[in-house]
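Asks: Output the structure for:
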Amino acid sequence: MKNLFINFTITTALITSISPLAFASPKPESKLPSGAYYTPGTMFNNSRREILNRNGKICIKIVDGPPNNYRGREEIMISSVSNRGGKLYIDGNNQEIQVMNVRELPEYEFLSKYSTVLAAFSDNVSSGWGLLAGNNSDSRTTPAQNKRMQECINTKGNYVRKIKGRMLQGQF
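Replies: Residues are numbered from 1 along each chain as shown. Below is the predicted model of the structure:
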């Protein structure tokens, strides 16, 4: 009887460990740590994404600047991110965020020579945005932008704000 109980326990443990639930990935929001995300390439030198992830809620700051060497104003949107059916969406533009394995970043080989890539995602604007080690906040972030990000995190439900960014003095 004792052996039957032990065999049953071992069998149950094996079945449980190989069930699909055992392989279910953690929530996608847990894979996006807070910080400034960048993408390589001259068109995006003035653009970035910043994530604030606290207590299961994510907010994103989307900064789209003019192409490198062009004059123009940054367009900034701060938005909550919703988990809908296991997928993440930016509430401000209904765009899906796809969490990526860092090795899927097109420039991973280049970036990994100089820094550790901690996390990555794609938002259909670029092939991928990466968070580099030691890079918690972008130096261009203003106190007003930080305040809006805190408002977003503290708001229940959706949050969307568009604010004016810096005027960049390019050569053209």
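Asks: would you list every one of the strands in this structure?
Replies: With DSSP state E as the criterion, the chain has strands at 35-38, 48-54, 57-64, 72-84, 87-90, 95-100, 117-122, 129-132, 160-168.
Asks: From K31, how far out is F121?
Replies: According to CB to CB, to the nearest Å, F121 and K31 sit 8 Å apart. For the C-beta atoms, the positions are set from N, CA and C on the backbone; glycine is no exception.
Asks: Please read the previous query as pertaining to E104.
Replies: 13 Å.
Asks: now swap in N45 and tell me
Replies: Counting by CB to CB, the gap from N45 to K31 is 26 Å.
Asks: what residues are up against M167?
Replies: Counting by CB atoms under 8 Å, 6 or more residues apart in numbering, M167 makes contact with R71, G72, R73.
Asks: hmm, which of those are the buried ones?
Replies: G72 (16 or more other CB atoms under 10 Å).
Asks: Looking at the contacts of M167, which one is closest to E151?
Replies: Using CB to CB, R73 comes nearest to E151 of those, at 22.1 Å.
Asks: May I ask you to confirm that that closest one is in contact with L168?
Replies: Yes - assessed by CB atoms under 8 Å, R73 is found in contact with L168 at 7.3 Å.
Asks: what touches both of those two?
Replies: Residues touching both R73 and L168 (CB under 8 Å, 6+ apart): P66.
Asks: in stretch 109-119, what's buried?
Replies: Residues of stretch 109-119 classed as buried: L111, V117, A119 (neighbour count, 16+ other CB under 10 Å).
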